[in-house]
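Student: Provided below are the primary sequence and the corresponding predicted coordinates.
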Amino acid sequence: MIHSLKNQHGMALVVTLLAVVLITALVVEFSYGVYTGTSNLYNWRDSQRLSLMAMSGVHVSARFLSEKLNSETYSYPGSFEFPAENPFDDFKGVLLIRIEDENAKFNVNAVVYPNGKTKNEAAYNALRRLLKILGLDERIADRLVDWIDLDSVSELTDSEREAKNLPLHSVDELLLIPGLTKNDYTTLLPYVTVYGARDNLSININGAEKPVLRCLSDKITDELAQRVIDFRKNNPFQETSDLSKVAGFERDTGIPPGVVVGVKGENFSIKSAADSGGVKRIIETVLNAKNGKIAYWKEY
Ligand SMILES: [Ca+2]
């Protein structure tokens, strides 16, 4: 019964989102008419139209997130995709929106406290566990600390070489860290972020994938992490203490101070791709759904 109600609830959100997409599409259609009134360049027109579609995808997502987060104490799941086919009457194309909760990922900047001087041991140890779980060299955690911290004292021989000595602005910067390979980067990418609090390592357990759940404490085995995932499918965590309802967490979660478990995302990445006959226009953005600020924007 609970399961079915949850499903209906999920469906209602998607239907609302669809309705908003269609309304927005009409608005875009109108602006498009105005926009292209003075031009007869076909490619330009097409490209502008795709761009507007992708933009409407971002607006829809931002509105959806803001409404959802204002009305609920938690956010679930960690990511979802929303395709809308032919949202225009006379437009054959697809708008594909993907939304990801950045706070369900490991914020690599949290390994050094905001003062730039002190290593957050709990976050650092959690990162070592994440690296180990992913089959990567645990010393990458030391390389990251040296890259971010203000001092130039090397943990490893080359780990302060051309170091930024500041937090990362985008995950791509990981590629600049000495000794961190393209393979390390690709393996880490689905699980790490640069957005979110830096005074603690804070993770939304409603969205975190298994390796991220496991790295929270030594105690969280693959089996325990799977139980968390199974539990939240039917009962998303509405508050942090709900974690104790999962078998194995009743008495103690084993999560150390310095690592904070949350149930709600705040920073979301949105990828909105408009595609017509293989011609694409994509917008990637990261939005703070709480204060409406855009932390990242890229259109291509
Ligand atoms: Ca440094």
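Tutor: Ah, there it is.

Student: use CA for all of it now, contacts and neighbours both
Tutor: OK.

Student: quick one: name the residues of the stretch 101-250 of the chain near the ion.
Tutor: By CA under 5 Å from the ion, the residues of the stretch 101-250 of the chain that approach the ion are 146-147, 149-152, 165.

Student: at 8 Å what do you get?
Tutor: Residues of the stretch 101-250 of the chain lying near the ion by CA under 8 Å from the ion: 145-154, 160, 163-166.

Student: so which of these is the most crowded?
Tutor: Ranked by neighbour count (other CA atoms under 10 Å), these have Val145 at the top, with 31 neighbours.

Student: ok, that residue - contacts?
Tutor: Going by CA atoms under 8 Å, 6 or more residues apart in numbering, Val145 touches 111-112, 119.

Student: now Ile99
Tutor: Applying CA under 8 Å, 6+ apart to Ile99 gives the contacts 61, 79-81, 268-271.

Student: got it, and Asp142?
Tutor: 155-156, 159 are the contacts of Asp142 under CA under 8 Å, 6+ apart.

Student: can you do 7 Å?
Tutor: Asp142 makes contacts with Glu155, as judged by CA atoms under 7 Å, 6 or more residues apart in numbering.

Student: repeat that for Lys164.
Tutor: So Lys164 contacts 147-148 (CA under 7 Å, 6+ apart).

Student: now with 6 Å, please.
Tutor: The contact partners of Lys164, by CA atoms under 6 Å, 6 or more residues apart in numbering, come to Trp147.

Student: state the helix or strand in which it lies.
Tutor: Per DSSP states H and E, Lys164 falls between elements, in no helix or strand.

Student: so where is the stretch 1-150 of the chain shaky, pLDDT-wise?
Tutor: Residue ranges of the stretch 1-150 of the chain with pLDDT under 70: 1-42, 88-91.

Student: quick one, phi psi at the residue nearest to Gly277 when sequence neighbours are not counted?
Tutor: Counting by CA to CA, 6 or more residues apart in numbering, Gly277 lies nearest to Gly93, which is 6.9 Å off, once chain neighbours are set aside. Per-residue torsions, Gly93: phi -170, psi 180 (degrees, to the nearest 10).

Student: and Gly93, how many residues sit next to it?
Tutor: Counted with other CA under 10 Å, residues neighbouring Gly93 total 20.

Student: in stretch 173-190, what counts as buried?
Tutor: Neighbour-count burial for stretch 173-190, counted by 16 or more other CA atoms under 10 Å, picks out 174, 177-178, 180, 184-185, 188.

Student: format these as TSV; extra columns: secondary structure and pLDDT.
Tutor: Shown next, in TSV, are the buried residues of stretch 173-190 (DSSP: H, G, I helix; E, B strand; the rest coil; pLDDT from 0 to 100):
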residue	secondary structure	pLDDT
Leu174	helix	98
Ile177	coil	97
Pro178	coil	96
Leu180	coil	97
Asp184	helix	98
Tyr185	helix	98
Leu188	helix	98
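
Student: can you show me the helices along the stretch 201-300 of the chain?
Tutor: Using DSSP state H, counting those that start in this stretch, the helices of the stretch 201-300 of the chain run over residues 210-215, 222-234.

Student: just checking, what packs against the last one?
Tutor: Judged by 3 or more CA pairs under 6 Å, 6 or more residues apart in numbering; DSSP states H and E, helix 222-234 is in contact with helix 210-215.

Student: what comes into contact with the helix it packs on?
Tutor: Identification of contacts with helix 210-215 by CA under 6 Å, 6+ apart yields 126, 129-130, 220, 225.

Student: could you dump the residues you listed into CSV with distance to Arg45 and neighbour count added?
Tutor: Formatted as CSV, those follow (distance: CA to CA, whole Å; neighbours: other CA atoms under 10 Å):
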residue, distance to Arg45, neighbour count
Ala126, 50, 27
Arg129, 50, 22
Leu130, 47, 24
Ile220, 54, 21
Ala225, 49, 22
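
Student: and these, which is closest to the ion?
Tutor: Ala126 (19.8 Å; CA to the ion).

Student: what's the separation between that closest one and Asn234?
Tutor: Distance of Ala126 to Asn234, computed by CA to CA, to the nearest Å: 27 Å.
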